[in-house]
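Undergrad: with the sequence up front, the predicted model follows.
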Amino acid sequence: MFHYHILYTKPRIKSIPQKADEYETDITDKRELQIRDAMTDILKQLPLDLTKTEDAFSKDLLLLMLKQYELFLDSFQFACKNYKGNTKEADIAKVMGFESNDEYNEIMFLREITHTVNALNDMADIVRLYSKKPETAEQRLANLLSEVMYEDSESV
């Protein structure tokens, strides 16, 4: 029989003096604070120590991720409000041939967020392509970015 002894020590963190106003915020949700901090950490890294085209690629990818997340939020909220535990569409589900209302809700929920899954796959493909064919990856990224930016300009 083996016995393992695990020693846990807290990491040593230097105390960094901070201004009191840096801690003031209206945000009370822990995740929202983490999102703000993550975005701040990203912005602190800019400008990047890359060539002009590499820097542009990385910023365009971030912008695409953020725009796609914005689109996801709209779809996700709609899907949650309309297809999680929904019993109002049971008659439609039956007429359409679904075995149950739950199956209908699941299919409709997935339909609402499929564009996000596709966009994430497209972004992953572009990142993988960049090492082999950076110009092609840049063009594909520019095309995807122009689509989401075009959608924004239509909604104004």
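TA: Ah, there it is.

Undergrad: got the phi and psi for the residue most central in space within the chain?
TA: Closest residue to the average C-alpha location of the chain: Tyr69 at 4.3 Å, with Cα atoms, centre = their mean. Backbone geometry at Tyr69, expressed as degrees, to the nearest 10, gives phi -60, psi -40.

Undergrad: and it, how close does it get to Leu120?
TA: 10 Å (Cβ to Cβ, to the nearest Å). C-betas here are computed from N, CA, C, even on glycine.

Undergrad: same question for Ala142.
TA: Between Ala142 and Leu120 the distance, using Cβ to Cβ, works out to 18 Å.

Undergrad: could you do Met65 as well?
TA: Using Cβ to Cβ, Met65 is found at 9 Å from Leu120.

Undergrad: ok, Phe98 next?
TA: Using Cβ to Cβ, one obtains 27 Å as the distance from Phe98 to Leu120.

Undergrad: how about stretch 99-106 as CSV, C-alpha atoms only?
TA: The C-alpha trace of stretch 99-106 is given here as CSV (Å, rounded to 0.1, in the frame of the first residue of the first chain):
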residue,chain,number,x,y,z
GLU,A,99,-41.2,12.3,-29.9
SER,A,100,-41.5,14.7,-27.0
ASN,A,101,-41.6,18.4,-26.1
ASP,A,102,-38.2,18.0,-24.5
GLU,A,103,-36.7,16.8,-27.8
TYR,A,104,-38.3,19.8,-29.6
ASN,A,105,-36.9,22.2,-27.0
GLU,A,106,-33.4,20.6,-27.3
